[in-house]
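[1] The following block contains a protein sequence and its predicted model.
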Amino acid sequence: MSSVTNHDERPNPDNLDDPGLSETKTERVSYLRAGHTLRSWLFTTDHKRVALLYMMSITFFFFIGGIAAAFVRADLLTPSADLMTNEGYNRAFTLHGVIMVWFFLIPSIPNTFGNFLIPLMIGARDLAFPRLNLLSWYIFILGGIFTLFVLILGGVDTGWTFYTPLSSMYANGNVVLVATAVFIVGFSSILTGLNFIVTIHKLRAPGMTWGRLPLFIWSHYATSVILVLATPVLSVTLALIAAERLFGLGIFNPELGGDPLLFQHLFWFYSHPAVYIMVLPALGVVSELVAAAARKPVFGYKFVAGSSIAIAVIGFLVWGHHMFVSGQSIYASAVFSFLSLVVAVPSGIKIYNWTATLYKGDISLDPPFLFAMGFIGLFVVGGLTGLAVAMLAIDVHLHDTYFVVAHFHYIMVGGTVSAYFGALHFWWPKIVGRLYSVVWGRLSAMFIFIGFNFTFFPQFILGYEGMPRRYHVYPEQFQVLHDMSSIGASILGIAYLMPAVYLYYSLRYGQPAGNNPWNVTGLEWTIPSPPPKHNFDEIPTVDGPPYNYPVRKEAKHA
Amino acid sequence: MRELPKVQTPYVDRAQQHEAGIMGMHIFLASEIMLFGGIFMAIAVIRQAHSQEVVEYSKELHYYLGAINTMLLLTSSFLVAAAVHMSRHARRKAVLALLVSAAFLGLLFLGLKGFEYWSEFQEGRLPVAGGMEKINSAPGRLFLNLYLVSTSLHAVHLTIGVIALLVVAGRIYTRRSALPQRSVVVETTAAYWHLVDIIWIFLYPLLYLAR
Ligand SMILES: [Cu+2]
């Protein structure tokens, strides 16, 4: 009997017959155990459970999108078309793009960590509209089902950008179905953004002023504004494409007096801000990880917070940089080029402030810190090459080459996915209440960094030398670089699978985490891990600035 | 289950819950404005690119039917605004009457719009199969395409609005939503109705009065 009730003792990890700690005392009253039935999960309105539903769904889509990428990289091993037909190759990279953008990257950090952490960080019991939150997951799943349907029916071959008139007049894949899928999933984004904005405005705990919000919250606020204002433009654009294919409407059809370039304007009006939907939450995560690693107040808090808002605002004004070679007015191009350089400034501010925060901090090389450092390195490379393609003259040379492919993968994969894994390693003990193996965490952070660079750095050179994107037949001189990239991709693929193993292992054999395993500030670390169903027994009162670490005075020189 | 005037999970008091509801609706409406914004953008581009044809085809639209519809919507918005005021003072019967008459005006609008589509179809000026004998220039057809897309998208929104007004009226009638405690449901529905009205106020001159 006593062995049953003694729940806080660590199980023996070497004994595989040990059933593990099925339940600690904290876990027994946590959100994870508040209802065991499938129904209690599928009809939950608890933001923490919805976050886990999202986490499982996007992990699934990450896997599917990854398989599509594996097909692409395998085909590119040789200069000839041996694995897939031209049509099949087009479908593989289109599915990779569509799934990774709308079913992984856009919901990745906001819908999992944002959902889980925003109420905890501001001292609330849930998001402002808990039922709407659950609804947004169901809408996401509905969109996902459409996408899987498209996959089974043979896919779509327009590229993730659906450029007209290819998509509206000539493509013979399931354009309407995939447009429907993205249209549907857009509403899930809008509802999430709406929920976050209202939550951050109305549900902050007493004393949690705007100047005391964690930087994670600021970046999610900026992200939500983009989600709410940009996504509907994509929705209406996709609806117009569908109407064109179904009813012969002709708004983008030049034969009927329409303008195919209008599509590019509308699409990029959404899709450039969408880049910031994908990267702003990552910037928020890294701000948290850097502050936690340095155990110092964030240098220039107001500038880091304000730069998120600046990125969201300026991000709406740069879409034309995707259209430098489309024949748009050179004066428009010049303005878009200038604004694209301007939007890099707030990102630069963040990098400088993170560096200054780390300076003389008490840094320990924990996995979250390593992921954050990986993020900063890759994001800087992605950002600087972004400046290169934002320059008019250089872009004419690099447009639609692998240079661009490498550039946005450095931001989206090197940046956002690294931050996603960083967040996973930082908040995992809070989410499940168990500690994982730090050694394995460090190893996977390193393998992801190495595998990533191995995959995508060669693509800069490929692009610079003139390898166009979206072709699987290429001159032999490119084979070495393409093969390097494919080998790197397999390292990256394995590295992405590693955390699945040791994090799963930690669920069963991990040591109970305690409230604050990293010894950091933040309201989410003041409550038990995993948190109880209603987060806070009593709504906390905040009486100090964020990241309120004791400042160490330097010894005076004599 | 009757909705008792109580505070729901994440909120500490009713005022907070009320404000959150209103704010949520306003953000949703901002999103709706962007949705129509894309279409307004397309109309503006076509107006610039093919000015002459747009004017020519715009003149053929039944602007007087549009004008009647504009008046119907403006009146309904007035009724809805009055309903909000009454709901704050718990004037239950007045709220019911106002909401139902606003919904009725909305239905009239839809009926008139349907008649308008039908007569355009008869005249050969509706860009759908079998209804476009008189459309003989590509830009003209494009303009009418945009006319059809934007007005039908607006009609869909108005239909949702009519349903929403009737649902709210039903909740108040059955006392599932008590007044004035739950006046927020009247207020948010009214905000939505006003937006649908305002979108029409912009669509009408853009489409019918291009000269
Ligand atoms: Cu861009």
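    Received, thanks.
[2] is the helix or strand containing B:Val168 up against chain A anywhere?
    Assigned by DSSP states H and E, B:Val168 belongs to helix B:138-173. Yes - contact between helix B:138-173 and chain A, assessed by C-beta under 8 Å from any C-beta of the partner chain, occurs at B:Ala138, B:Pro139, B:Gly140, B:Arg141, B:Leu142, B:Asn145, B:Leu146, B:Val149. Yep, even glycine has a C-beta here, placed from its N, CA and C like the rest.
[3] Let me see the contact set for the closest residue in space to A:Tyr436 that isn't next to it in sequence.
    Closest residue in space to A:Tyr436, ignoring its immediate chain neighbours: A:Ser506 at 3.8 Å, by C-beta to C-beta, 6 or more residues apart in numbering or on different chains. By C-beta atoms under 8 Å, 6 or more residues apart in numbering or on different chains, A:Ser506 lies in contact with A:Trp428, A:Val432, A:Arg434, A:Leu435, A:Tyr436, A:Ser437.
[4] I'd assumed A:Ser506 was in a strand, is it?
    No - going by DSSP: H, G, I helix; E, B strand; the rest coil, the assignment for A:Ser506 is helix, not a strand.
[5] Give me the below-cutoff pLDDT ranges for the chain.
    I'll assume chain A. Flagging of chain A using pLDDT under 70 yields the residue ranges A:1-23, A:553-558.
[6] that answer is for a different chain, and I need it for chain B
    Along chain B, the parts satisfying pLDDT under 70 run over B:1-6.
[7] make it 50
    Low-confidence segments of chain B, defined by pLDDT under 50: B:1-4.
[8] which stretches of it form helices?
    Ranges of helices in chain B, per DSSP state H, are B:14-49, B:51-59, B:63-88, B:92-123, B:138-173, B:183-208.
[9] Those helices: which one's closest to A:Leu256?
    When the helices of chain B are compared by C-beta to C-beta, helix B:138-173 sits nearest A:Leu256, at 5.1 Å.
[10] which parts of the closest one are buried?
    Across helix B:138-173, burial judged by 16 or more other C-beta atoms under 10 Å in any protein chain shown covers B:138-151, B:153-155, B:157-158, B:161-162, B:164-166, B:168-169, B:171-172.
[11] for stretch B:79-92, same thing?
    Result for stretch B:79-92 [16+ other C-beta under 10 Å]: buried residues B:Leu79, B:Val80, B:Ala82, B:Ala83, B:Val84, B:Met86, B:Ser87, B:Arg91, B:Arg92.
[12] where's the last one relative to A:Tyr505, distance?
    Applying C-beta to C-beta, to the nearest Å, one obtains 61 Å for the distance of B:Arg92 from A:Tyr505.
[13] How about the second one?
    For B:Val80, the distance to A:Tyr505 (C-beta to C-beta) stands at 59 Å.
[14] Let me see the ranges of the helices in the stretch 1-150 of chain A.
    A:2-5, A:25-28, A:38-42, A:47-75, A:86-98, A:106-109, A:115-122, A:130-153 (DSSP state H, counting those that start in this stretch).
[15] With distance to chain B and mean neighbour count as added columns, please give those in CSV.
    Below are those laid out as CSV (distance: least, C-beta to the nearest C-beta, whole Å; neighbours: other C-beta atoms under 10 Å in any protein chain shown):
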stretch, distance to chain B, mean neighbour count
helix A:2-5, 32, 6
helix A:25-28, 22, 16
helix A:38-42, 16, 11
helix A:47-75, 9, 20
helix A:86-98, 20, 20
helix A:106-109, 16, 28
helix A:115-122, 7, 26
helix A:130-153, 6, 19
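[16] With distance to A:Trp518 as extra columns, can I get these in a markdown table?
    Putting the helices of the stretch 1-150 of chain A into a markdown table (distance: least, C-beta to C-beta, whole Å) gives the following:
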| stretch | distance to A:Trp518 |
| --- | --- |
| helix A:2-5 | 29 |
| helix A:25-28 | 17 |
| helix A:38-42 | 28 |
| helix A:47-75 | 19 |
| helix A:86-98 | 35 |
| helix A:106-109 | 19 |
| helix A:115-122 | 14 |
| helix A:130-153 | 27 |
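[17] The lengthiest helix in chain A near chain B anywhere?
    Looking across chain A with DSSP H, the single longest helix is helix A:260-294. Yes - on the criterion C-beta under 8 Å from any C-beta, helix A:260-294 is in touch with chain B at A:Leu262, A:His265, A:Leu266, A:Phe269.
[18] Which elements pack onto the helix or strand following that helix?
    Downstream of helix A:260-294, the next assigned helix or strand under DSSP H and E is helix A:301-314. With contacts taken as 3 or more C-beta pairs under 8 Å, 6 or more residues apart in numbering or on different chains; DSSP states H and E, helix A:301-314 sits against helix A:215-247, helix A:260-294, helix A:344-358.
[19] can you put those in a markdown table and add distance to B:Val185 and mean neighbour count?
    Converted to a markdown table, these look like this (distance: least, C-beta to C-beta, whole Å; neighbours: other C-beta atoms under 10 Å in any protein chain shown):
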| stretch | distance to B:Val185 | mean neighbour count |
| --- | --- | --- |
| helix A:215-247 | 22 | 24 |
| helix A:260-294 | 31 | 25 |
| helix A:344-358 | 40 | 18 |
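[20] Identify whichever of these lies nearest to B:Ser51.
    Nearest of these (C-beta to C-beta): helix A:260-294, 16.2 Å.
[21] Now do the closest one against helix A:301-314, angle only.
    Orientation check (axes from the mean of the first three to the mean of the last three C-alpha atoms, to 10 degrees): helix A:260-294 against helix A:301-314 gives 170 degrees.
[22] Next, the angle helix A:215-247 makes with helix A:260-294.
    Here helix A:260-294 runs at 160 degrees with respect to helix A:215-247, directions being taken by the same axes, to 10 degrees.
[23] angle of helix A:260-294 against helix B:14-49?
    Relative orientation of helix A:260-294 versus helix B:14-49 (the same axes, to 10 degrees): 140 degrees.
[24] Tell me what angle helix A:260-294 forms with helix A:115-122.
    50 degrees.
[25] Just list the residues touching B:Val184, thanks.
    Counted by C-beta under 8 Å, 6+ apart, B:Val184 has contacts B:Gln17, B:His18, B:Gly21, B:Ile22.
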